[in-house]
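Undergrad: Provided below for reference: sequence and predicted model.
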Amino acid sequence: MHNKSLTELSNGLATNEFSSVELTQHYLDRIHRLDKVYNSFITVTAELAITQAKAADKRISDGQQSPLCGIPLAHKDIFCTEGVKTSCGSKMLDNFVPPYNATVIENFNAAGAVTLGKTNMDEFAMGSSNESSFYGAVKNPWDINCVPGGSSGGSAAAVAAQLTPAATGTDTGGSIRQPAALCGITGLKPTYGRVSRYGMIAFASSLDQGGPMTRSAEDAALLLDVMAGFDEKDSTSMVKDVPDYKSTLNDKLDGLTIGLPKEFLGDGLAPEIEKAVEIAIKEYEALGATLKEISLPNTELAIPCYYIIAPSEASANLSRFDGVRYGHRCENPKDLFDLYTRTREEGFGDEVKRRILVGSYALSAGFYDAYYKKAQQIRRLIKNDFVEAFKNVDVIMGPTVPNPAFKLGEKSNDPVSMYLEDIYTISTNLAGLPGMSIPAGFTAQKPAGLQLIGDYFSEGKLLNIAHRFQQATDWHKQCPPEPSMQKPSTGQEG
Amino acid sequence: MEWETVIGLEIHVQLATKSKIFSTSKTTFGAEANTQANAVDLAMPGTLPVLNEQALRYAIMFGLAINSPINKRSIFDRKNYFYPDLPKGYQTTQMDEPIVGAGVVEIQLKNGEYKDIRIHHAHLEEDAGKSLHEGLGVMNHGFSGIDLNRAGTPLIEIVSEPDMRNSEEAVAFARKIHAIVTSLGISDGEMSQGSMRFDVNVSVRLKGQKEYGTRTETKNLNSFKFMEEAIALEVERQIDILEDGGNIAQETRLYNADNKTARSMRSKEEANDYRYFPCPDLLPVEIDESYLKAIAAELPELPDARQARFIATYGLSDYDASSLSGDRHVAAFFESATNTCDDAKLVANWINGDISAKINAADSKISNITQSPVSAEDLAGLINRIKDNTISGKIAKQVFDCMWNEEGDADKVIAAKGLKQVSDSGALDVLVADVVASNPEQVDNYRKSEPDKRKKMIGFFVGQIMKASKGQANPGLVNSLLLKKLDE
């Protein structure tokens, strides 16, 4: 059952091959059996899932089926779920049960989807390895000694290990695409403003965007169809019709011009990843596309720019976690100052604290112009690079990440080397463009990701380009071996 | 040494929107604590602000009213600081690009002169909640409570230039702003409920000196009277320090209206670094010309225009017109009464006199004219009874008191109390004859006097007759009957 695409699952439900309750139970059993190893879920909502599955079965038998009706999904623990703990991977929210749903969750509920649980993530989505989670690191299903990427590492691992047919993620600097690449799945970060951010706990508001993490572009199209659209509760969501993403999946790629940014290749890129990307590009040529070398001259500024803007916004976004109204509160505060400082000292992990400090510093009187304002100017330059590029090409392609999945603990004491993992993904967020990562081969049994970057609101085109590739290749169909087949490296427990 | 005071005001005006500036919670005053605070107001994780368009319209109306440019693009910023009544840990406000640009407000001083006070800008922002430090202690363990009903109430902050030179000017300016915002209907202007709050920047300098002295800011004054008191106190304090050879510390001060003292709240060194930056959850507010034109077309009459119209249409004095035009409810009351009784001067006298005295009385149960138990129509009815000689002006005050106590309209009170003026010359003749007969000495004096002195002397006889008639005699008729009798 867990090898089927969403369309196949939906057909199975429609033809009574299996019920949503059976399907849901199948995945709950897999989670129960396998997630002890992966740690991809923070909360499993078995009871809720069965209740929703029963309702979905009724809807289907009443002839009210829609594409995701009765389909189990997992949601990154950054999306608020009414009555279900939403921790954002932090001790700060370990006791937080929202009284409301994120708009994305509301949309899935309305579509009749089933919630299996909430997936693990880097604390407040700050990280590229999932090691900053209060709930412990997530293991990469392809090699349990390696990280799954982050911050949506739980969702990526759960989809790769087939503990859920599909999942949601969020992407602020690559947090959907990087773990998708490292876990060998398909991940799409939509255009900023395409998916409502309401109820999605904010890291960096001008960069955050929710999106689907799936086993194929076709599955991603089905999820995005439900996630996308204007939301009156989110002023930054765009009033723009949502096209039927599925209807354009099979469009021909003849005449497609692919831009290859020279800054994305060469220095710093692992040769085996470069090789995988080259092979994938050749496949596209075979599908009728032509190649064009382009330049995104300000690429090297993306990481410093991002690490001013994102922490600045985060420093304010995370001020609400003060121990006053919800979340962690320190024991017996002496006074207000003690309440604030001890609550935040205890509730936040190191990476979160590091970013709050960086952001507060960048916004301080006397430094604002040199840091925040300058970073905003650079952000415009980066955006302009893409605007120029899309005058000549239809899509930009390159690697998603410079390296395959690295070992757990390898970079956790070296934040800067961790930050460099996002070098190819971050500029897309700064520009607000849609980006996608699809499986494009393996390097020493670890997945390599091909990144697709599209023009604004070209999600349909990206899904089409990704789907055609997946029709011609079967990288996305590869499944990791079960954990019993893998040996943990010495000194670590599996 | 002769000192000059320099004053600038920051005025926070609560906008009379039904819901909050960034959430759908209600803004009704006086609700039970925390019943008007939703997930957005509580800054629950993942919640987002959405700008209330009505708040934006109101801010634009204010800008248009003071002839300020409305910025085609304005930005909301985050002002970061931690306080329990500020749930997000930042206030959403406008810093560099406010909605309303520079403008000018003209004030009139008691000596009749006019003065222009420049407005630096006005911006939109959200109010904070309230911290409650009293009555919550458990065994004196100093608990504080937080009421977030007010959190997110829309405000405009109006920032003046340091153009005022004494407290009279500051109060006149504050009153003018009050008149403008209430006339526009964008604020209820209820000072007692915190709908208008003043931060006063005060400095002093030697007369003739060009540079400003170091200023202090006294925050959160919520009445014209407290503002006047706080300014006087602060000016005196600063002059004392300077005359003793000291320096003024730049600081924020708090005025205590109960014991009429002020204290330093924090010094410049302790001031927060608010780390302002544009709020990424709110897009820049873009306003086009047609939107502005539509708002301008619906702008209600402003106090200055109304004052001019009252003078031109109703022949009111400058003073009467000014006092009736500031508050749009008072103005409406005046016009409604005048249209019914056709005597603007009398209506003005009654509103500025008896009605105003009743509202401002120490034991008054009401705070403004809309709650008056005597309606505009009832007041006109009373005035009509004076004009048609049913009652005298004096009796009218007695009738008015009964009307205020809700004993009915003028006709009902006059009938019930038998206060109808006696205009029957037969009945009055008897009274006149009585008074003349019982005061022979005065009659004799009168008759011996020169005619110009007689005019004064006749008052004695009128008074006697009015007394005898319990005030109900028609004074005009009494006068003519008396003259006739005394000249016999």
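TA: Here it is on my side, so go on.
Undergrad: got the contact list for whichever residue of the stretch 51-200 of chain B sits closest to chain A?
TA: Closest to chain A within the stretch 51-200 of chain B is residue B:89: 2.4 Å, counting by C-beta to the nearest C-beta. C-betas here are computed from N, CA, C, even on glycine. With contact set as C-beta atoms under 8 Å, 6 or more residues apart in numbering or on different chains, residue B:89 has these partners: A:316, A:319-320, A:322, B:43, B:80-82.
Undergrad: one more time with 6 Å, if that's ok
TA: A:319-320, B:82 (C-beta atoms under 6 Å, 6 or more residues apart in numbering or on different chains).
Undergrad: same question, residue A:233
TA: Contacts of residue A:233 by C-beta under 6 Å, 6+ apart are residue A:198.
Undergrad: how about it, secondary structure?
TA: Following DSSP: H, G, I helix; E, B strand; the rest coil, residue A:233 is assigned to coil.
Undergrad: separation between it and residue B:279?
TA: According to C-beta to C-beta, to the nearest Å, residue A:233 and residue B:279 sit 16 Å apart.
Undergrad: Which other helices and strands does the host helix or strand of residue A:224 contact?
TA: Per DSSP states H and E: residue A:224 is located in helix A:217-227. When contacts are defined as 3 or more C-beta pairs under 6 Å, 6 or more residues apart in numbering or on different chains; DSSP states H and E, helix A:217-227 sits against helix A:103-110, strand A:186-189, strand A:209-214, helix A:459-472.
Undergrad: can you do 7 Å?
TA: helix A:6-14, helix A:103-110, strand A:186-189, strand A:209-214, helix A:459-472 (3 or more C-beta pairs under 7 Å, 6 or more residues apart in numbering or on different chains; DSSP states H and E).
Undergrad: Would you mind telling me which of these is nearest chain B?
TA: Using C-beta to the nearest C-beta, the nearest of the helices and strands packed on helix A:217-227 to chain B is helix A:103-110, at 9.4 Å.
Undergrad: Tell me, how many residues neighbour the residue in the stretch 351-494 of chain A positioned nearest to chain B?
TA: Residue of the stretch 351-494 of chain A nearest chain B, by C-beta to the nearest C-beta: residue A:363 (3.8 Å). A count of neighbours around residue A:363, defined by other C-beta atoms under 10 Å in any protein chain shown, yields 24.
Undergrad: same check, this time on residue A:251
TA: 15.
Undergrad: Equivalent analysis for residue B:303, please.
TA: 23.
Undergrad: Surely it is in contact with residue B:327?
TA: No: at 8.4 Å, residue B:303 does not count as touching residue B:327 under the criterion of C-beta atoms under 7 Å.
Undergrad: Could you measure from residue B:275 over to residue B:92?
TA: For residue B:275, the distance to residue B:92 - C-beta to C-beta - is 14 Å.
Undergrad: now residue B:197, what's its secondary structure?
TA: Per three-state DSSP, residue B:197 ends up strand.
Undergrad: Repeat that for the one 4 residues further on.
TA: Following three-state DSSP, residue B:201 is assigned to strand.
Undergrad: tell me the contacts of residue B:177?
TA: Residues near residue B:177 by C-beta atoms under 7 Å, 6 or more residues apart in numbering or on different chains: B:11, B:105, B:158.
Undergrad: Just the ones in strands from the residues you listed, please.
TA: B:11, B:105, B:158 (DSSP state E).
Undergrad: May I ask which of those residues has the most neighbours?
TA: Of those, with other C-beta under 10 Å as the count, residue B:158 tops at 30 neighbours.
Undergrad: that older thread, which of residue B:275 and residue B:92 has more neighbours?
TA: Per other C-beta under 10 Å, whichever of residue B:275 and residue B:92 has more neighbours is residue B:275, with 24 against 20.
Undergrad: which residues are in contact with the helix holding residue A:224?
TA: A:5-7, A:67-68, A:104, A:107-108, A:111, A:166, A:186, A:188, A:190, A:195, A:210-212, A:214, A:242, A:245-246, A:249, A:438, A:459, A:463, A:466-467, A:470.
Undergrad: picking that back up, and which of the ones in strands among the contacts of residue B:177 is nearest to residue A:432?
TA: Comparing the ones in strands among the contacts of residue B:177 against residue A:432 with C-beta to C-beta places residue B:158 closest, at 35.9 Å.
Undergrad: helices or strands next to the lengthiest helix in chain B in the packing?
TA: Ranked by residue count and defined by DSSP state H, the top helix of chain B is helix B:224-243. Contacts defined by 3+ C-beta pairs under 7 Å, 6+ apart place helix B:224-243 against strand B:3-14, helix B:167-184, strand B:196-206, strand B:216-221, strand B:261-267.
Undergrad: So residue B:78: helix, strand or coil?
TA: strand.
Undergrad: How many neighbouring residues does it have?
TA: Around residue B:78 there are 27 residues (other C-beta under 10 Å).
Undergrad: One more: residue A:364?
TA: 14.
Undergrad: who's in contact with it?
TA: Here residue A:364 is in contact with B:273, B:275 (criterion: C-beta under 7 Å, 6+ apart).
Undergrad: Next, the residues that contact stretch A:324-338 from outside, please.
TA: Taking C-beta under 7 Å, 6+ apart as the rule, stretch A:324-338 contacts A:91-96, A:321, A:323, A:339, A:342-343, A:346-347, B:42, B:44, B:84, B:87.
Undergrad: who does residue B:114 bridge with?
TA: residue B:108 (DSSP bridges).
Undergrad: Run through the residues that contact the nearest residue in space to residue B:205 that is not next to it in sequence.
TA: Among residues not flanking residue B:205 along the chain, residue B:213 sits closest, at 4.4 Å (C-beta to C-beta, 6 or more residues apart in numbering or on different chains). When contacts are counted by C-beta under 7 Å, 6+ apart, residue B:213 touches B:203-205, B:248.
Undergrad: before we move on, the earlier item: common neighbours of residue B:303 and residue B:327, please.
TA: Joint contacts of residue B:303 and residue B:327 (C-beta under 7 Å, 6+ apart) are residue B:179.
Undergrad: where does the residue in chain A positioned nearest to chain B fall, helix, sheet strand or coil?
TA: Going by C-beta to the nearest C-beta, chain B is nearest to residue A:319 of chain A, at 2.4 Å. Assigned by three-state DSSP, the conformation of residue A:319 is helix.
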